[in-house]
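> Provided below for reference: sequence and predicted model.
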Amino acid sequence: QVHLVESGGGLVQAGGSLRLSCAFSGRPFNGRDMGWFRQAPGKEREFVAAIKWNGDTDYADAVKGRFTISRDNAKIMVYLQMNSLKPDDTAVYYCAADSRFRGGLKYTVRDYDYWGQGTQVTVSS
């Protein structure tokens, strides 16, 4: 069974930065596609960023140029560096993992099989 634990959320002023971390444990990490999603109050969970097993990445239009997803296969970690934060970025951020290996970039909630508990990010204006 895969277990994901997010950390690094908090309260930050608009224009500030945060780095989210996702610790992965359980079945093999290498070769697995990963993603970050977020959910604001009253809204559906939405795609933020994805990283393939080989390091290829993609982002939601709303965060392109501001957020960077990365992975460290040796440390079995996934990160989301968030810069130039805006109040609209306020949400609970979730790390997600695919149960399959060596697939493509994935953009929807149903593409992922394992989820963390989430970490709150609040951006004040």
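Now that the structure is in, tell me what you want to look at.
> So Asn83 sits against Val63, correct?
No: taking C-beta atoms under 8 Å as the definition, Asn83 is not a contact partner of Val63, at 9.7 Å. To be clear about C-beta, it is placed using only N, CA and C from the backbone, and glycine gets the same treatment.
> Of these two, which one has the most company?
The neighbour comparison of Asn83 against Val63 (other C-beta atoms under 10 Å) goes to Val63, with 22 against 14.
> least trustworthy helix or strand in the chain by mean pLDDT?
Within the chain, confidence by mean pLDDT, DSSP states H and E is lowest for strand 91-101 among all helices and strands, at a mean of 94.
> Show me what that strand is packed up against.
Packing partners of strand 91-101 (3 or more C-beta pairs under 8 Å, 6 or more residues apart in numbering; DSSP states H and E): strand 3-7, strand 18-25, strand 32-39, strand 114-115, strand 119-124.
> what's the angle from the first one to strand 18-25?
To tie it back to what came earlier, the one meant is strand 3-7. Taking axes from the mean of the first three to the mean of the last three C-alpha atoms, to 10 degrees, one finds strand 3-7 and strand 18-25 inclined to each other by 160 degrees.
> what's downstream of strand 3-7, the next helix or strand?
strand 10-13 (DSSP states H and E).
> Work out the gap between that next one and the centre of the chain.
17 Å (C-alpha atoms, centre = their mean, to the nearest Å).
> With only the CA atoms kept, save it in PDB.
Output of strand 10-13 as PDB, limited to C-alpha atoms (Å, rounded to 0.1, in the frame of the first residue of the first chain):
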ATOM      1  CA  GLY A  10       1.000  27.600   6.000                       C
ATOM      2  CA  LEU A  11       0.000  31.300   5.900                       C
ATOM      3  CA  VAL A  12       1.900  33.600   3.500                       C
ATOM      4  CA  GLN A  13       1.300  37.100   2.100                       C
END
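> Name the residue closest to the centre of this protein, please.
Nearest residue to the geometric centre of the chain (C-alpha atoms, centre = their mean): Trp36, 2.2 Å.
> and the nearest residue to it once chain neighbours are set aside, what is it in contact with?
In space, and not counting its chain neighbours, Trp36 is closest to Val48: 4.4 Å by C-beta to C-beta, 6 or more residues apart in numbering. Each residue near Val48 by C-beta atoms under 8 Å, 6 or more residues apart in numbering is listed here: Gly35, Trp36, Phe37, Arg38, Tyr59, Ala60, Val63, Phe67, Leu80, Tyr93.
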